[in-house]
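> okay, sequence plus prediction incoming.
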Amino acid sequence: MNVTFWGVRGSIPTPGPTTSRWGGNSSCLEVRHGDLPPIVLDCGTGARKLGMKLARESGRHAHLLFTHFHMDHVIGFPFFVPVYTPGFEIDVTIPASDDDEARDKLGRFLNGVYHPVRLREMPSVLRFHAIRPGRTFQRSGYTVKGVALNHPGGSCGYRIEADGQSICYITDSSPFAQPGDGVLYDREPTPGEARMLHFLAGADVVVYDTMFELSEYLEKMTWGHSYPEYARGLCAAAGVKHLVLFHHSPDASDDLLDERAKAWSAATAPRVTLAREGETVFAEG
Ligand SMILES: [Zn+2]
Ligand SMILES: [Zn+2]
């Protein structure tokens, strides 16, 4: 199984010369495993190029999982070419209490006001599925689990498994312990951390929201984002093999991300790298 990054930027797309090397598109990932249909994680602006690629492939089925509906995670959906491809089947999973509410959440965004094409006018075959954090479902050979994250309005993290390999997608989320408490400080895990340690246990790859540096997090603790040391501490305690830092701050220039990548390059158990637009990370199993 592998994951390709089509958008790595948090909060707002950041095109321009200072972000061209790490990428300025907002959250969108593509998970692939053998001949199984792709799983698309979130539809930020990165979804535009991914959609063009999927439309060129022979497959006519994809899964799309949304973490939550903040704009940086949905704004690419109306520009995701498969939704305009007649006969293209897309199973859309949205955190909601039932399937109708899942459809309504996207329908409110695609109602003719914010984009000219309404959801019901899209010619693809769109099937809507609600997920409640804590639930597990099987689809097309994948096992998908959801977990509640720590974000204003909520966000659902995902663990995707197939043939003994596993990739987790944890964005957007604050830490699950206050500074000075929890696993990062060699204390007992908080209840939220205990839930996350179980969820992440032994994962091959964990993509984790680390939008802030620690100092910035301390100023913006209610914003619902994390920082690299915390993600690393949690993933180390969960026995994760490879942590990928993700949802880069719109203020983080290429030079700053180069520095961050260098600073983490010696990390082991887990290995720590930064998500870069266009790159693929492999789950070794
Ligand atoms: Zn976000
Ligand atoms: Zn968000």
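In hand now; what should we look at? This structure is a prediction, so every number in the text was calculated from the model and none was measured. Ligands and ions are numbered 1, 2, ... in the order given.

> partners of the residue minimising distance to the centre of the chain in the sheet?
Centre of the chain computed as the mean C-alpha position; nearest residue by Cα atoms, centre = their mean is Tyr169, 4.6 Å away. For Tyr169, the beta-bridge partners under DSSP bridges are Tyr158, Val207.

> check the gap between it and Cys156 for me.
From Tyr169 over to Cys156 the distance is 9 Å, taken as Cβ to Cβ, to the nearest Å. In this view, the C-beta of every residue, glycine as well, is placed from N, C-alpha and C.

> over to Ile167?
Relative to Cys156, and taking Cβ to Cβ, Ile167 is found at 15 Å.

> Leu64 too?
In this view, Leu64 and Cys156 are 13 Å apart by Cβ to Cβ.

> after the one helix or strand Glu259 maps to, next one along is what?
In the assignment (DSSP states H and E), Glu259 maps to helix 254-264. Sequence order places strand 271-274 as the next helix or strand after helix 254-264, per DSSP H and E.

> just the CA atoms of that next one, as PDB, please.
The C-alpha coordinates for strand 271-274 follow below in PDB (Å, rounded to 0.1, in the frame of the first residue of the first chain):
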ATOM      1  CA  ARG A 271      11.300   7.500  11.000                       C
ATOM      2  CA  VAL A 272      10.100  11.100  10.500                       C
ATOM      3  CA  THR A 273       9.700  12.800   7.100                       C
ATOM      4  CA  LEU A 274       7.700  15.700   5.800                       C
END
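
> beyond that strand, next helix or strand please.
Per DSSP H and E, the first helix or strand lying C-terminal to strand 271-274 is strand 280-282.

> check the offset of that next one from the chain's centre.
Centre-to-centre, strand 280-282 and its host chain are 14 Å apart (Cα atoms, centre = their mean, to the nearest Å).

> how about the residues of the stretch 151-285 of the chain by ligand 2?
Contact residues (Cβ under 5 Å from the ion) of the stretch 151-285 of the chain with ligand 2: Asp172.

> so Asp98 is in contact with Ala130, correct?
Yes - in terms of Cβ atoms under 8 Å, Asp98 counts as a neighbour of Ala130; the distance is 5.1 Å.

> for ligand 1, what are the nearby residues on the chain?
10, 72, 172.

> what's around the second one, how many residues?
Counted by other Cβ atoms under 10 Å, the residues lying close to Asp72 total 25.

> ok, it - contacts?
Applying Cβ atoms under 8 Å, 6 or more residues apart in numbering to Asp72 gives the contacts 9-13, 26-27, 44.

> ok, which pair from those is furthest apart?
Greatest spacing in these, by Cβ to Cβ: Ile12 and Ser27 (11.0 Å).

> of those two, who's got more company?
Ser27 (34 against 13).

> quick check: the more buried one vs Val113, distance?
Ser27 is 23 Å from Val113, where distance means Cβ to Cβ.

> before we move on, what about Thr273?
40 Å.

> Glu89 too?
Relative to Val113, and taking Cβ to Cβ, Glu89 is found at 27 Å.

> between those two, tell me which one has more neighbours.
For Glu89 versus Val113, neighbours defined as other Cβ under 10 Å are more numerous around Glu89 (16 against 9).

> the more buried one and Ser124 touch, don't they?
Yes - taking Cβ under 8 Å as the definition, Glu89 is a contact partner of Ser124 at 7.2 Å.

> isn't Leu274 right up against His247?
No - assessed by Cβ under 8 Å, Leu274 is found out of contact with His247, at 10.9 Å.

> among these two, which residue is more densely surrounded?
With other Cβ under 10 Å as the criterion, Leu274 and His247 differ in neighbour count, and His247 comes out ahead with 28 against 23.

> just the pLDDT at Glu284, thanks.
In this model, Glu284 is scored at 82, pLDDT.

> do the same with Phe246
In this model, Phe246 is scored at 98, pLDDT.

> can you check Trp223 too?
Note for Trp223: predicted pLDDT of 97.

> show me what contacts it?
Applying Cβ under 8 Å, 6+ apart to Trp223 gives the contacts 152, 174, 212.

> state the distance from it to ligand 1.
As judged by Cβ to the ion, to the nearest Å, Trp223 and ligand 1 stand 10 Å apart.

> can you report phi and psi for Val74?
phi -120, psi -10 (degrees, to the nearest 10).

> run through the neighbouring helices and strands of the helix holding Glu259.
The contact analysis (3 or more Cβ pairs under 8 Å, 6 or more residues apart in numbering; DSSP states H and E) places helix 254-264 against helix 228-237, strand 271-274.
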